[in-house]
Every structure is written in structure tokens, then in C-alpha cells.
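Asks: I'll drop the sequence and a predicted model, then ask my questions.
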Amino acid sequence: MSVNRYDFLVIGSGAAGLLAARKLAAAGRVAVLTKRTPDVSNSDLAQGGIAAVTSRDDDFSLHIADTLRTGAGLCDRRIVELTITEAPARIEELVELGTRFSRKGGAFELGLEGGHSRRRVLHAADATGHEIERALLEACRSDRNITFFPFHSAVDLILRSRPAGTRPGGNACLGAYALEEATGKVHSFLAGTTVLASGGAGKVYRYTSNPDVTTGDGMAMAYRAGLPLANMEFVQFHPTCLYHPQAKSFLISEALRGEGGVLRDAAGRAFMKDYSKHLELAPRDIVARAIDSELKRTGADCVYLDMTHLKAAFLKRRFPMIFAKCLSLGIDMTKAPIPVVPAAHFFCGGVTTDEYGRTAMPGLYAVGEAAYTGLHGANRLASNSLLEACVFAHRAAEAVKGDYIARRAPARPAHWTTGNARPSDEAVVIKHNWDEIRTLMWNYVGIVRSDKRLARAAARMELISAEIVKYYWDFLPTRDLLELRNIACLADVIIASARSRRESRGLHYTVDYPEASPRLARPTVVDRYRR
Ligand code: SIN
């Protein structure tokens with residue numbers, strides 16, 4: 001077990017983490033913890049793009065209005081305004097760092113997605129996240145002040161003091177413990193400031209567009225450390241993930257619907273006209289619920305996204321990655337509709353932060369999907385997430401550099417001890433609970449909820465959580481065990497958030513309270529000290 005001292009610790013290597021690391025490296029030494037290799041992240045898989053006002057026929061006020069409307073009354077207007085007005089500067093910075101967005105005659109080629117009143121989505125064909133990650137990784141790898149620690153899983157935050165019930169403001173974050181996969185050892189990473197950039201938690205659900213690493217580790221660690229999580233009931237289900245036995249978590253970008261894709265049932269009927277006047281370009285919650293309702297009504301396994309009326313040459317140029325992936329599975333999207341289903345995609349809630357990514361705990365920041373800034377409200381506008389990652393990574397880095405705690409030498413924290421823990425005797429417990437949580441969350445806490453389903457989920461989670469806590473303290477940690485503990489923690493918080501919202505709003509839809517209630521137009525906060 002080693003003790004590693006850095007000025008800054010960044011947990012996660014998606015767009016928010018890499019951009020924060022790159023900026024912080026100007027002020028000191030940065031350690032970046034990442035669970036696999038640094039290029040494995042949810043950001044890397046983002047297809048559609050990054051929304052920003054860059055064209056003459058667009059305007060900040062339109063992007064702001066689209067974000068607020070999609071957020072269904074729960075966005076923080078101040079945060080929306082600052083994010084959208086700062087977007088062009090962040091785009092310029094990405095371009096300077098080497099990101100190659102698709103262009104048409106010199107200008108950015110802009111895509112359209114659901115909920116946007118203008119074409120404003122910058123993209124790099126259909127692999128935008130990958131292109132941004134490539135540029136950021138190149139910049140970070142060439143910076144001597146940044147050290148990557150791949151195959152290191154954060155276990156818990158290191159706190160200055162921890163008397164029972166210590167409130168976050170009365171404590172301070174000194175870094176994090178991390179499990180090194182190759183040795184099974186838990187090391188201490190001490191830093192003046194820790195930045196949680198660990199992404200969302202799609203793996204809480206059985207079907208997700210997210211990669212395997214997306215187990216909400218930062219949100220769960222913050223929650224265990226006493227920080228509140230906000231708006232965790234607002235889980236965005238992407239309407240169109242590829243439905244194929246050999247395709248795990250493969251997204252069929254909303255940009256396809258932006259270019260004219262039509263959703264059809266198995267009989268070929270275009271059904272979106274039954275659900276919204278905006279048809280396929282209604283906000284995602286409406287499209288996902290429409291598909292869910294069609295699947296339940298017809299008993300079919302999937303619906304179809306039809307692109308066959310568009311020119312083959314255009315489809316191959318605009319969506320080369322999606323075209324190639326589908327073709328590799330025997331689906332030629334220029335000739336046949338693509339089978340699709342909804343899947344968990346994005347968390348609008350997370351660790352509550354201010355407009356600089358500061359949490360309530362000195363020394364701890366959160367950026368990207370791990371954070372709740374107030375931008376997305378009850379539903380995220382498409383392609384506003386990479387934007388949030390860039391805007392808040394920048395703001396957090398600027399604030400950290402001026403922050404008092406960044407210049408303080410960390411105190412001597414407690415070393416990690418394993419007590420009487422021994423190697424796991426029955427790994428099947430982890431697999432069983434992993435499958436059970438994800439299935440129950442999909443069936444009971446999914447696109448359409450009810451009081452009865454949520455109560456069932458809560459009862460099951462109580463038993464599973466007790467078993468996991470016992471297992472965690474009895475056996476030496478492994479990555480699988482840490483991830484299971486984190487998805488269990490977040491499942492519990494999502495259920496508590498969903499049960500407390502007795503209305504339907506944005507992504508939270510319950511058959512027992514089908515309307516929004518003006519009285520409940522405020523964020524949900526779940527705090528382990530107040531439950
Ligand atoms: C997509 O390409 O459909 C995903 C974009 C997003 O989640 O904003």
C-alpha cells in the first residue's frame with residue numbers, strides 16, 4: 001500500500017476529467033485515476049455531438065429557451081444562461097486543442113436533435129465523443145504534470161476527520177483510496193483538491209447505452225461521505241439503442257432522427273404521430289415513453305428506425321460508424337430499418353455543486369455527469385452534456401486554482417486497513433446481486449413507474465444492500481465488489497428520490513400521479529443524514 005501525494009486528484013478520464021486535468025496541470029501535479037485505460041469512458045462513446053450557438057440564424061436566447069422547455073420547469077435559469085453563453089468559448093478551446101469537428105465549406109456542419117429549435121449540434125461525423133477524447137488525451141499525455149493511473153478504481157474519499165454524523169461542511173476531502181487491479185492493493189492518493197469526474201451510472205439498469213465502467217462511483221463515494229445527491233429520479237432513457245443479440249450498449253444516435261429517421265412498428269406503421277406533434281424530434285422522454293408504450297401494446301421486442309428513404313451516399317458519409325456497425329451485424333441501414341429499443345443513457349442528477357463545480361465539502365469538486373449543476377432540470381436537452389462537461393471543467397479548474405485548500409499540505413490521513421477481511425469465497429454473490437439490482441431497476445424503476453413498483457423495488461433493495469454491506473466488510477475488495485456496492489447505493493438513492501416525487505415531470509413518469517404539480521417544481525435532495 002503506497003501513499004501518493006499530488007496537488008490535484010482527478011477521478012475519471014472522460015471529457016470533464018481530461019479537460020480539468022489539462023487545465024489544473026498549469027498550476028501543479030495532477031493524478032488521474034481511471035478504471036480501465038484512459039480512453040474508456042462514456043464521453044468516448046458520445047455520438048451526436050455538443051450543442052452550442054455558432055451559426056448566424058441561431059441565438060443564445062433560443063438555446064436557453066430549448067434547454068428550459070426540455071427541463072420541464074426544474075432547470076436553474078442562471079446555470080442555463082451561463083452554460084450556453086460560455087459554450088462558444090469552450091468550442092473554440094476544443095478546436096485549439098485539436099478537435100476536428102465536421103465542416104461544410106469551412107463552417108461547422110450542424111446537426112439537429114430532439115428539442116432543439118435550430119441546427120446547432122457540432123459533431124465529428126457520428127463519433128464526436130471519441131474525437132474530443134482523442135484530442136484531450138493527446139494534450140494530457142504530452143503534459144509532464146499529468147500522471148495517469150489506469151486500472152485503479154476509487155474506493156472511497158479520504159476525509160480529514162470522520163466523527164459519526166460529521167456534516168460535509170465540517171469535514172474536508174484529502175483525496176481518495178484507490179484499488180490497484182493488478183496487485184489487489186488499496187493505495188492512498190492525497191491531494192489539495194479532488195475533482196470527481198467519474199461520470200454517470202447507466203449500469204444501475206439492465207439495459208444501457210453506457211460502457212461497463214459507468215457505475216456511478218463518484219456519486220456513491222460522495223453520498224457515503226455525507227454529501228447530498230439531487231434529482232436522482234431523473235434518469236434519461238435514450239429512445240434508440242441497437243437491438244441485436246451481439247450488440248451490447250450500442251447507441252443509434254438521435255442525429256439519425258434529426259436527419260429524417262422515422263420510427264415504425266413491426267408492421268411498418270409510423271407511430272410517433274400518436275404521441276407528439278414534434279414526431280420523432282419530440283424530447284427524449286416523450287419518444288422513449290412512446291416506444292415503451294408501443295412495445296407493451298404490441299408485445300414486440302423492438303421497434304424500427306427507418307432511414308431507407310434517405311440517400312445511401314449521405315447516410316454512409318454522415319453516419320460512417322453506425323453504418324459500419326449495423327452492417328457488421330447484417331443490417332444494411334440504407335436498405336432495411338434498424339431494430340431499436342430504449343436504454344438508460346444519462347443521469348440528470350448527481351452531487352450538488354455550485355456554478356464552479358464546488359461541492360459542500362472543502363477540497364472536493366464534481367464535474368460532468370457526476371455533478372448536479374441545475375443545467376438539465378427534469379430532462380436533458382440532447383447534446384447539452386458534453387457542453388456541461390466542458391463548461392464546468394473549465395470553471396472548476398479556474399476556481400480550484402484560486403482555492404485556499406489547493407495550496408494546503410494534506411494532513412495525515414488514516415491508512416487503509418483491511419481488518420480481518422479475507423479473499424472472497426463465493427463470487428457468485430456478487431454476480432447474483434449485480435443481476436438482480438439491474439433487473440429490478442429496469443422493471444420497477446424504469447421509464448414508467450408506479451407507487452407499487454417503487455415499493456417493491458425498495459423492499460428488495462433493503463435486503464440486497466444489507467447482504468452487500470456484510471460482504472464488503474468480510475472480504476477483500478475487488479473491482480466487481482466496489483462496483484456492486486456503488487450501483488446498490490445509487491439504486492437505493494434513485495428509488496428514494498422517485499418515491500418522494502409524487503407527480504410526473506420530465507423523465508420521471510408515474511401512473512399514480514400522471515400530471516406535474518406546480519407545488520413540486522423543486523429539486524429532490526437525498527441526504528444520508530436526513531433519511
Ligand atoms: C445521441 O447521439 O443521440 C446522444 C447524444 C446525447 O446524449 O446528447
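Replies: Thanks, I have the structure now. Numbering: from 1, shown residues only.
Asks: so which elements touch the longest strand along the chain?
Replies: Looking across the chain with DSSP state E, the single longest strand is strand 185-196. In terms of contacts (3 or more C-beta pairs under 8 Å, 6 or more residues apart in numbering; DSSP states H and E), strand 185-196 is packed against strand 3-11, helix 15-24, strand 30-33, strand 152-159, strand 173-180, helix 217-224, strand 364-366, helix 385-401. (Each C-beta comes from the backbone N, C-alpha and C, glycine too.)
Asks: and that strand, how far out from the chain's middle?
Replies: 22 Å (C-alpha atoms, centre = their mean, to the nearest Å).
Asks: what's the answer for stretch 502-514, then?
Replies: Distance, centroid of stretch 502-514 to centroid of chain: 22 Å (C-alpha atoms, centre = their mean).
Asks: buried residues in the longest strand of the chain?
Replies: 186-196 (16 or more other C-beta atoms under 10 Å).
Asks: just to revisit the earlier point, save the helices and strands packed on strand 185-196 as JSON lines, and put in mean neighbour count and mean pLDDT too.
Replies: Below are these laid out as JSON lines (neighbours: other C-beta atoms under 10 Å; pLDDT from 0 to 100):
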{"stretch": "strand 3-11", "mean neighbour count": "23", "mean pLDDT": "96"}
{"stretch": "helix 15-24", "mean neighbour count": "30", "mean pLDDT": "98"}
{"stretch": "strand 30-33", "mean neighbour count": "27", "mean pLDDT": "98"}
{"stretch": "strand 152-159", "mean neighbour count": "24", "mean pLDDT": "96"}
{"stretch": "strand 173-180", "mean neighbour count": "24", "mean pLDDT": "96"}
{"stretch": "helix 217-224", "mean neighbour count": "26", "mean pLDDT": "97"}
{"stretch": "strand 364-366", "mean neighbour count": "31", "mean pLDDT": "97"}
{"stretch": "helix 385-401", "mean neighbour count": "25", "mean pLDDT": "97"}
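Asks: dump the residue contacts of the residue nearest to residue 19 when sequence neighbours are not counted.
Replies: Leaving aside its sequence neighbours, residue 19 sits nearest to residue 393 (C-beta to C-beta, 6 or more residues apart in numbering; 3.8 Å). Contacts for residue 393 (C-beta atoms under 8 Å, 6 or more residues apart in numbering) come out as 15-17, 19-20, 23, 197, 357, 367-368.
Asks: could you rerun that using 6 Å?
Replies: By C-beta atoms under 6 Å, 6 or more residues apart in numbering, residue 393 lies in contact with 16, 19-20, 367.
Asks: direction included, what does the longest strand of the chain pair up with?
Replies: strand 3-11 (parallel), strand 173-180 (antiparallel), strand 364-366 (parallel) (DSSP bridges).
Asks: what about the helices in the protein?
Replies: 15-24, 42-45, 60-70, 77-96, 128-141, 217-224, 254-258, 284-298, 312-318, 320-328, 385-401, 428-444, 451-474, 479-500 (DSSP state H).
Asks: for the first one, which outside residues touch it?
Replies: Looking back up the chat, that one is helix 15-24. Taking C-beta under 6 Å, 6+ apart as the rule, helix 15-24 contacts 8, 10, 30, 32, 43, 132, 136, 139-140, 146, 195, 197, 367-368, 386, 389-390, 393, 396-397.
Asks: give me the pLDDT for residue 302.
Replies: Here, the pLDDT recorded for residue 302 equals 96.
Asks: what's the nearest residue to it if we skip its chain neighbours?
Replies: In space, residue 302 is closest to residue 243, 3.8 Å off (C-beta to C-beta, 6+ apart).
Asks: the one you found and residue 279: what is the separation?
Replies: Applying C-beta to C-beta, to the nearest Å, the value for residue 243 to residue 279 is 21 Å.
Asks: center of the protein - which residue?
Replies: residue 200 (3.1 Å; C-alpha atoms, centre = their mean).
Asks: picking that back up, give me the angle between the longest strand of the chain and helix 385-401.
Replies: Using axes from the mean of the first three to the mean of the last three C-alpha atoms, to 10 degrees, the direction of strand 185-196 lies 100 degrees away from that of helix 385-401.
Asks: hmm, who's touching strand 185-196?
Replies: So strand 185-196 is contacted by 1-11, 20, 31, 155, 173-179, 218, 363-366, 370, 400, 405-406, 408, 410, 416 (C-beta under 6 Å, 6+ apart).
Asks: how about stretch 33-44?
Replies: So stretch 33-44 is in contact with 11, 13-15, 129-130, 133, 137, 148-150, 152-154, 178, 199, 210, 213-214, going by C-beta under 6 Å, 6+ apart.
Asks: quick one: mean pLDDT for stretch 113-123?
Replies: Averaging pLDDT along stretch 113-123 yields 96.
Asks: now do stretch 274-292
Replies: 95.
Asks: is it anywhere near the ligand?
Replies: No. Using C-beta under 6 Å from any ligand atom, stretch 274-292 never reaches the ligand; the gap is at least 8.1 Å.
Asks: sweet, I'm off.
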